[in-house]
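1. Pasting the sequence and the predicted coordinates here, then a few questions.
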Amino acid sequence: MINPEDQDPLDKGSEKMETTTPSSLSSVAANAAAKKKPGSGALGVGLEARGIHAWFGDKLVLQNISLDFWSGTVTALIGPSGCGKSTFIRTLNRMHEFIPGAAMAGEVLLNGKDIYESGTDVTKIRLKVGMVFQKPNPFPSMTIADNVLAGLKLAQLKVANKDDLLEECLVRAGLWSEVKDRLSAYGGSLSGGQQQRLCIARSLAVRPEVLLMDEPCSALDPGSTLKIEETISELSSSMTIIIVTHNMQQAARVSDYTGFFLSDGGPGELVEVGPTSEIFSRPKDIRTENYVTGRFG
Amino acid sequence: MSTTAPGAKSATSTISTPAKREITTKPRLSDKVFRGVATTGGLSSLVILGLIFVFLAFQGFQVLRSEGLGFITGSNWEVVQDNVGNTNLEASQFGIAAMLIGTVICATIAVIIAVPISVLCALYLTFYAPNFIKRLMVALIDLMAAFPSILFGMWGYFVLMPHAEYWAQLLHKYFGWLPFFKMDVDIFERSPFVAGVVLSTMIIPIITSVSREIFSQTPLDRIQAAYALGSTRWAMIKAVVIPYGRSGVVGGAMLGLGRAMGETVAVYTVLNLVYQINWQVLIGAGGNVASMILLKFGEAGPTETKALMAAGLALFILTLIVNSAANVIVTKTGGKGR
């Protein structure tokens, strides 16, 4: 049962699937049967989550989430508010541990290595797994140029040609043409949509392998949203992108795979994951179908 | 008349801009009463300040007229009395230049010592300290900010002063080539430096408290943005917290400077008052307006008391100037980074 309004983006989604190299995404055991072997063109697993549990204090908020994220693909995480999507992606670059009382169990493998292993330098993990937040958060005391290059300074990285990197990141984030004449203006002087693209440019400057996006468009107007979606498509060829979104059309438009999270009052669980076209047209779980067709949530 | 088109009049009136209307509202009684109470409370502090100013100006007027500008440029304080014990205003000399300069020197030394310590303390409390240490220290520091100053003075005199003298000797030994660390006379006791050290212990809690407050308000999304870029904690503090908190730290420092300038008893116990301008801060000769007033007040005759009132007025104005300067600095540094 498909909502007519979803028809168009779904078609796009399936077209996209045909043109994209078939690759796959493993899921929780329940969905293991649906698992397809990655195609020859796949770039390999970018990031693997294994049995992730998360707590705030004594409250279990995420239960046994296992997901693979393939390089060169976009994975959308959808689900109603409070189902643990944001908490989940924050476990993927160890931002989860900043919240007082937060705890986790399970493993997150980056290139086969557990990022929670003792003795790991967490700053190196966050360099490889970048993050874009819900609310644009440029550094207001820095200029546009300094904002983009902030990561280099913060992580004490050396780069041969800063101007080239600056231009490259702003071009990839789709902001270059709008700001190239005022790179020394302060970051706060941009509009909300521009600020968010500035934040994307900033996270690209440290060359992450994985980019986590936590509802990056929820505070933006449709025009800016469209630009950011174009940016995501542009970036997805070279990196692993994981995007949390409440906008199902957006999930259908930008993602190759979609995971559906749900909490029935208890901890959040991964109900279903698969190629986006299948999740939106032939979901296996009745709860997924109800959600993507707008019957609840 | 009757031939005028109905629309003509209104058409002409729309061309000319109408006069601006006065926008008013009729307040209710309860609102009027509360407005009165709040206004009274708000103005009372201003009135008290004004009354103090008028009192000091009135009392000190006679001496100020007699001394003229010499009151703040001269450094002699000499009371000449005739045979019957009446003060001869013409022959007496009242000059507080040394005291005014000494006040600024002591307070500046105190702020220079206190600000780095306070900022580090505030950063530690906000970003590094475990919770229980943080809670304990915040309570203690707030308590220290309200400590009676005589306790600092006594502790400074008996405990800190001998150490501070040793530090002064070290400073002179290694930095003696700096003009203000020179020693023309070899007296290290009760110097402006020692007074500054004691004053710094008094203002550290104030500056720490204000700085910690502003650091803890750093927007979380900026802190997370820095961490998400692979920042270390120190780099995050440098890039996010310091720019955000800079104006607050300056404000705290100025608050501390104000307290240091007005401090009386603690300075009185550890500073040797000398009526001569001395820029060499390690020598045991300094000045302080508030301490001088305290020193002279008990034995002063009517005329000298008036001179002390005038000195009070000078301190009042000096504090006002410093605070206004602080406000300017805070507003100028505040815009960036917030």
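-> That came through, no problem. Residues are numbered from 1 along each chain as shown, chains lettered A, B, ... in the order given.
2. from here on, contacts and neighbour counts on C-alpha atoms
-> Fine.
3. what about the closest residue to chain A within the stretch 51-200 of chain B, how many neighbours?
-> Residue of the stretch 51-200 of chain B nearest chain A, by CA to the nearest CA: residue B:131 (10.5 Å). Applying other CA atoms under 10 Å in any protein chain shown, we find 11 residues neighbouring residue B:131.
4. Residue B:36 too?
-> For residue B:36, using other CA under 10 Å, the count is 12.
5. ok, now residue A:140?
-> 19.
6. State the three-state secondary structure for it.
-> coil (DSSP: H, G, I helix; E, B strand; the rest coil).
7. what about the strands in the chain?
-> Since you didn't name a chain, this refers to chain A. A:45-56, A:59-70, A:74-78, A:102-110, A:113-114, A:129-132, A:210-214, A:240-244, A:257-262, A:269-275 (DSSP state E).
8. um, chain B though
-> With DSSP E as the criterion, chain B has strands spanning B:77-78, B:93-94.
9. and those strands, which is most packed in?
-> strand B:93-94 (a mean of 24; mean count of other CA atoms under 10 Å in any protein chain shown).
10. Okay, now the sheet partners of it, with direction.
-> strand B:77-78 (antiparallel) (DSSP bridges).
11. so which of the strands of chain B comes closest to residue A:173?
-> Nearest to residue A:173, of all the strands of chain B, is strand B:93-94, at 71.5 Å by CA to CA.
12. What parts of the stretch 101-250 of chain A come near chain B?
-> Proximity of the stretch 101-250 of chain A to chain B, by CA under 8 Å from any CA of the partner chain, involves residues A:122-127, A:130-131, A:133, A:135, A:137-142, A:151, A:154-155, A:203, A:206.
13. Distance from stretch B:313-329 to the middle of the chain?
-> Mean-position distance between stretch B:313-329 and its chain equals 7 Å (CA atoms, centre = their mean, to the nearest Å).
14. And for stretch A:79-98?
-> Counting by CA atoms, centre = their mean, stretch A:79-98 is centred 11 Å from the centre of its parent chain.
15. Next: stretch B:182-195.
-> 24 Å.
16. same check, this time on stretch A:250-260
-> 10 Å.
17. can you check stretch A:198-214 too?
-> The chain centre lies 10 Å from the centre of stretch A:198-214; the measure is CA atoms, centre = their mean.
18. Quick one: end-to-end length of that stretch, please.
-> Stretch A:198-214 has an end-to-end distance of 15 Å (CA to CA, to the nearest Å).
19. outside of that stretch, which residues touch it?
-> Residues from elsewhere that reach stretch A:198-214 (CA atoms under 8 Å, 6 or more residues apart in numbering or on different chains): A:46-47, A:86, A:89, A:127-134, A:136-138, A:144, A:147-152, A:165-166, A:169-170, A:172-173, A:175, A:187, A:239-245, B:229.
20. Tell me the buried residues in it?
-> Across stretch A:198-214, burial judged by 16 or more other CA atoms under 10 Å in any protein chain shown covers A:198-214.
21. can you give me the mean pLDDT across it?
-> Per-residue pLDDT values over stretch A:198-214 give a mean of 92.
22. What is the burial count for the closest residue to residue A:246 other than its chain neighbours?
-> Computed as CA to CA, 6 or more residues apart in numbering or on different chains, the closest residue to residue A:246 that is not its neighbour in sequence is residue A:78, at 6.1 Å. For residue A:78, the count of nearby residues is 25 (other CA under 10 Å).
23. who's residue A:78 bridged to?
-> With DSSP bridges as the rule, residue A:78 is bridged to residue A:260.
24. so it touches residue A:250, yeah?
-> No. Taking contacts as CA atoms under 8 Å, residue A:78 lies outside contact range of residue A:250: 10.1 Å.
25. The nearest residue to residue A:45 once chain neighbours are set aside: how many residues sit nearby?
-> Excluding the flanking residues, the one nearest residue A:45 by CA to CA, 6+ apart is residue A:70, at 4.4 Å. Residues contacting residue A:70 under the criterion other CA under 10 Å number 27.
26. can you check residue A:150 too?
-> With neighbours defined by other CA under 10 Å, the count for residue A:150 comes to 24.
27. For it, give me its contacts.
-> Applying CA under 8 Å, 6+ apart, the residues near residue A:150 are residue A:202.
28. And the residue nearest to residue B:109 when sequence neighbours are not counted, how close does it get to residue B:274?
-> Distances taken as CA to CA, 6+ apart place residue B:196 nearest to residue B:109, at 5.1 Å, with adjacent residues excluded. In this view, residue B:196 and residue B:274 are 16 Å apart by CA to CA.
29. how about the helices in the stretch 151-297 of chain A?
-> For the stretch 151-297 of chain A, helices defined by DSSP state H, counting those that start in this stretch occupy the ranges A:162-172, A:176-179, A:192-204, A:222-236, A:248-254, A:276-281, A:286-292.
30. Hmm, residue A:258 and residue A:273 touching each other?
-> Yes. With contact defined as CA under 8 Å, residue A:273 reaches residue A:258; the gap is 5.6 Å.
31. Give the residues shared as contacts by the two.
-> residue A:279.
32. Tell me who's in contact with residue B:109.
-> Contacts of residue B:109 (CA under 8 Å, 6+ apart): B:193, B:196-197, B:200.
33. rerun that using 10 Å as the cut-off
-> Neighbouring residues of residue B:109 by CA atoms under 10 Å, 6 or more residues apart in numbering or on different chains: B:192-200, B:257, B:260, B:281.
34. just residue B:308 next, same as before
-> Shown in contact with residue B:308 (CA under 10 Å, 6+ apart): B:56, B:59-60, B:63, B:94, B:96, B:289-290, B:292-294, B:296-297, B:300, B:302, B:314.
35. circling back: does the residue nearest to residue A:246 really touch residue A:269, like I thought?
-> No. Here residue A:78 does not reach residue A:269: they are 11.6 Å apart, not a contact under CA atoms under 10 Å.
36. who touches both of those two?
-> Looking at what touches both residue A:78 and residue A:269 (by CA under 10 Å, 6+ apart), the common residues are A:85, A:260-262.
37. Kindly list the longest helix within chain B.
-> helix B:29-67 (DSSP state H).
38. what about the chain, any weak spots by pLDDT?
-> All of this refers to chain A. Across chain A, the ranges flagged by pLDDT under 70 are A:1-44, A:296-297.
39. let's do chain B instead
-> For chain B, the stretches flagged by pLDDT under 70 are B:1-14, B:333-338.
40. Show me which residues of it sit near chain A.
-> B:219-240, B:243-244, B:335-338 (CA under 10 Å from any CA of the partner chain).
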